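Engineer: sequence first, predicted coordinates after that:
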Amino acid sequence: MQKQKRHADSVTRTSSDLLTDRLATLKAVIPEAFAEGKLDIAKLREAIGDAVEERPERYSFSWAGKRDAIRLLQMPSRATLVPVPEESIDFDTTGNIFIEGDNLEAMKMLYKSYAGRVKMIYIDPPYNTGKDFLYTDNYIDPLATYLKVTRQQDVSGNVLTTNPDTSGRYHSAWLTMMYPRLFLARQLLGNDGVVFVSIDDRECANLRLVMNEVFGEENFLTTFVWVNEGNIDNQSRFKQNHEYILAYARNEASVPAPPVVDPNIPKHSKLFRDFIDNTIVKNGPGNPVTAIRLPKGFPASFDEGIVSPKEGFWPRLSNAVQVLGGKTQDEVTVSSGWSSRDIFEEFIADGFTPVVDTKGQRTAFYLSPTGAVCCRKERLDSQSHVVTVLRGKGTVQAASGALAEMGIDFSYPKPVELLQYLVRVGCPGDGIILDFFAGSGTAAQAVLDQNHLDGRGRHFIAVQLPEPLPNPRPRLKTIADIARRRIGTVIARLKADAEGRLKTDKGDGPEDLGVRCFKLSESCFLPWSGVDDEKPDSYADQMALYADPLVKGWKAEDVIWEVAIKQGYSLSSLIERDKAANGVTVWRVVDGERGQQFRICLDDKLTMTAVNKLDLSQGELFVCRDAAIDDDVAANLALQCELRTI
């Protein structure tokens, strides 16, 4: 009697099915709403009772194309990400990731391994100007659309879609593009994660509405106003010199109080002095010794002032205390300064008596980074103000000039100073920062530069469409090329700066000055193309072509990465030859971030002898080609480990 081949699951060939995942989550919470594996709407209504909104008129936000956006979101991707070591820097050791490809397909690839792990997201999406609009999503076959747009398939598909403001779907087309990307962004954020989205006046109101729907209105944090002094259209009637950055949380209640970050205080007075930690400043004969203690990480170049009761030395701080000098103690008044006013008036009433700390050091008062005066150190520690009107954070013109010095010509880049500010607010410690509209790579540079300054271990994931440049150059043909060039140039600069420097005590490990590059590509697995007729012979002939499901000319490294990604392994995983293998080629994939690993063999034939030498353990995942094992080997493997086949 012929042996029955032991069952082995096939490896996953597409990205996660978001609809299935959401139904599974709902079933775990409300199992009674399901019958025979399907969601029963009537039972769901019974389960949630009065929470159902049944009135004919109710608040909602919709647009033409919203249904297509949802369908596009729910469609699993059949693409993959292939590594490009030759365009990477320190590929085997870095945790920084750059992906060239359509961001929606790329985020579907990231979903299984990065859901709930991202600390901060920043995006600068294409503004809806009515000009060329490259994100031509097609819910029937989004991968084919991407391949055509980027000249990887029939060039007849390489067209830009114009979205004129005279179109009845001018706003709808932009919202349809944004909705599925924002939805996936929310899934990738951790429970305490935050997202920042740059936008101008054209779509700010609509963006706020769609983000309310995706993230929940209760998770809105604030709107930053970036004052871009150097970006004024002199032809317009109203000289707009600002843009917006909407900030939302995955769960507002879980987001810690924002850290104290550098303020926006102009350096305009000759009475200002530069101070560093624990600097003691004598204000002249007969005056008390006064010290300004700056918080850890406070920029040493920050300008402060010292108050002297006799000489009338006074600082002029934005939204803080102004002490009007040249008067007697009784005549000294305090103007402005919200929470700090009563504290400073108390200090004046006490005759400017210095505070004595535990070390006997006399200090007049503390200044927080926002300019608030604190007589007690604990009040300084409680300060957590974040300025939302952003001045002095760079300009487009200056950012363009900085790129020009790198040999890069790019229109309207965001300044790195602006992004570093957001990094300090949204990810003050270690964490993953995602930018899926990477453009010229400003966010990636901000992460690298900020890590270099404060010794943190943040990592970036940047995704950029290889949009063709109007004036391509030999090594700069797409916007993705520009981002890679910029990241490489910044890394080279930081490596040169760090050479010979001792490691500071601010971080837990060496500075990560590398980047792993991947490209979105077609799957290594053959897609099922169907048959022209339903005759048995036609099916048999087609099935014969799929005896080996891998595409012609497949590369072992690409197949291994596709299996790893679709099994939910991080893009920072390590792949190495398994030394324990004897007579066969076995690879070990280790994801240190998630504490998981598996082994994979892509040889044409696996014998029982070879399998026994692998020393597989119960519960260990082992992947091999289905055609490489016979019934006996399959049965043996299924008893030893968790077997999956290609």
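Structural biologist: Ah, there it is. Numbering: from 1, shown residues only.
Engineer: K477 belongs to a helix?
Structural biologist: No. According to DSSP: H, G, I helix; E, B strand; the rest coil, K477 belongs to no helix; its state is strand.
Engineer: pLDDT wise, what is it at?
Structural biologist: K477 is assigned a predicted lDDT (pLDDT) of 93.
Engineer: so it touches P468, yeah?
Structural biologist: Yes. When contacts are counted by CB atoms under 8 Å, K477 is listed as touching P468 (6.6 Å). Every C-beta, even on glycine, is put in place using the N, C-alpha and C of the backbone.
Engineer: list the contacts of stretch 445-454.
Structural biologist: With contact meaning CB atoms under 8 Å, 6 or more residues apart in numbering, stretch 445-454 is reached by 96, 297, 416, 419-420, 422-424, 433, 456-460, 486-487, 490-491, 494, 497-498, 506-507, 511-513.
Engineer: could you flag which of the residues you listed are buried?
Structural biologist: The neighbour-count test (16 or more other CB atoms under 10 Å) marks 96, 297, 416, 419-420, 422-424, 433, 456-460, 486-487, 490-491, 494, 511-513 as buried among those.
Engineer: do a quick rundown of the strands in the stretch 101-250 of the chain.
Structural biologist: 118-123, 132-133, 161-162, 189-199, 220-227, 242-249 (DSSP state E, counting those that start in this stretch).
Engineer: so which of the buried ones among the contacts of stretch 445-454 belong to strands?
Structural biologist: Among those, the residues falling in strands (DSSP state E) are I433, H459, F460.
Engineer: what is the nearest of these to D626?
Structural biologist: Distance to D626 across these (CB to CB) is lowest for H459, with 36.3 Å.
Engineer: can you pull the contacts of that closest one?
Structural biologist: Going by CB under 8 Å, 6+ apart, H459 touches G95, N96, I97, G431, I432, I433, V447, D512, S572.
Engineer: from those residues, which is closest to K38?
Structural biologist: If you rank those by distance to K38 using CB to CB, I432 comes first, at 36.3 Å.
Engineer: gap between the closest one and F518?
Structural biologist: 15 Å (CB to CB, to the nearest Å).
Engineer: how about S400?
Structural biologist: According to CB to CB, S400 stands 28 Å off from F518.
Engineer: quick one: which of these two has more around it?
Structural biologist: When neighbours are counted by other CB atoms under 10 Å, F518 comes out ahead of the other of S400 and F518, with 24 against 18.
Engineer: you'd agree the more buried one is in a strand?
Structural biologist: Yes. Using three-state DSSP, the secondary structure at F518 is a strand.
Engineer: ok, what's across the strand from it?
Structural biologist: Using DSSP bridges, the bridge partners assigned to F518 are P83, I99.
Engineer: now swap in the one 4 residues further on and tell me
Structural biologist: Listed by DSSP bridges, the beta-bridge partners for E522 are A79.
Engineer: what about it, neighbour count?
Structural biologist: Other residues lying near E522 total 17 when counted by other CB under 10 Å.
Engineer: so it makes contact with V82?
Structural biologist: No. Checked against CB under 8 Å, the pair E522 and V82 is beyond contact range at 9.3 Å.
Engineer: worst-scoring helix or strand of this structure, pLDDT-wise?
Structural biologist: Per-element confidence for the chain was summarised using mean pLDDT, DSSP states H and E. The lowest value among helices and strands belongs to strand 279-282, with a mean of 28.
Engineer: where does pLDDT dip in the chain?
Structural biologist: In the predicted model of the chain, residues 1-7, 50-58, 129-143, 145-169, 230-236, 259-385, 500-509, 528-547 satisfy pLDDT under 70.
Engineer: domains of it?
Structural biologist: Here the domain assignment for the chain is 17-68, 79-259+388-500+512-521, 273-381, 535-645, based on automatic domain parsing.
Engineer: so which bits of the helix or strand encompassing A444 are buried?
Structural biologist: Applying DSSP states H and E as the criterion places A444 in helix 442-454. Of the residues in helix 442-454, those buried under the neighbour-count criterion (16+ other CB under 10 Å) are T442, A443, A444, Q445, A446, V447, L448, D449, Q450, N451, H452, D454.
Engineer: now for the residue nearest to T645 when sequence neighbours are not counted: which residues touch it?
Structural biologist: Setting aside the residues directly before and after it, T645 is nearest to D626 in space (CB to CB, 6 or more residues apart in numbering), at 3.9 Å. Under the criterion of CB under 8 Å, 6+ apart, the contact partners of D626 comprise A8, S10, P549, T645, I646.
Engineer: which PyMOL command selects the buried ones in these?
Structural biologist: Applying 16+ other CB under 10 Å to the contacts of D626, the buried members can be selected in PyMOL as follows:
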select buried, resi 8+549+645+646
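Engineer: just flag the most distant two among the contacts of D626.
Structural biologist: When the contacts of D626 are compared pair by pair using CB to CB, the maximum separation belongs to A8 and P549, at 13.9 Å.
Engineer: in the stretch 1-150 of the chain, which spans are helices?
Structural biologist: Secondary structure of the stretch 1-150 of the chain by DSSP state H, counting those that start in this stretch: the helices cover 18-29, 41-48, 66-74, 103-114, 142-149.
Engineer: just say which of those helices is most tucked in.
Structural biologist: Neighbour counts (mean count of other CB atoms under 10 Å) averaged over each of those peak at helix 103-114, with a mean of 23.
Engineer: counting contacts, what elements does that helix pack onto?
Structural biologist: Other elements packing on helix 103-114 under the criterion 3 or more CB pairs under 8 Å, 6 or more residues apart in numbering; DSSP states H and E are strand 79-83, helix 142-149, helix 170-188, strand 459-464, strand 516-522, helix 556-566.
Engineer: can you tell me which of these is most buried?
Structural biologist: The highest mean neighbour count among the helices and strands packed on helix 103-114 belongs to strand 459-464 (a mean of 27), with neighbours defined as mean count of other CB under 10 Å.
Engineer: ok, back up a step: any chance of the contacts of H459 in a markdown table, with distance to M608 too?
Structural biologist: Supplementary listing: the contacts of H459 in a markdown table, determined by distance: CB to CB, whole Å:
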| residue | distance to M608 |
| --- | --- |
| G95 | 40 |
| N96 | 43 |
| I97 | 40 |
| G431 | 47 |
| I432 | 43 |
| I433 | 48 |
| V447 | 50 |
| D512 | 44 |
| S572 | 35 |
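Engineer: which of these sits closest to T388?
Structural biologist: Nearest to T388 out of these is I433 (CB to CB; 20.1 Å).
Engineer: list the contacts of the closest one.
Structural biologist: Applying CB under 8 Å, 6+ apart as the definition, the contact partners of I433 turn out to be 118-122, 423, 426-427, 443, 447, 458-461.
Engineer: and if we set it to 10 Å?
Structural biologist: For I433, the contacting residues are 96, 118-122, 193, 419, 422-423, 426-427, 443-444, 446-447, 450, 458-462, by CB atoms under 10 Å, 6 or more residues apart in numbering.
Engineer: quick one, helices of the stretch 351-500 of the chain?
Structural biologist: Listed in chain order, the helices of the stretch 351-500 of the chain (DSSP H, counting those that start in this stretch) span 377-381, 396-405, 416-426, 442-454, 479-498.
Engineer: quick one: which of those helices is nearest A173?
Structural biologist: Distances from A173 to each of the helices of the stretch 351-500 of the chain were compared using CB to CB; the minimum, 20.5 Å, belongs to helix 479-498.
Engineer: OK, contacts around K605?
Structural biologist: Under the criterion of CB under 10 Å, 6+ apart, the contact partners of K605 comprise V584, R625, A627, A628, I629, D630, V633.
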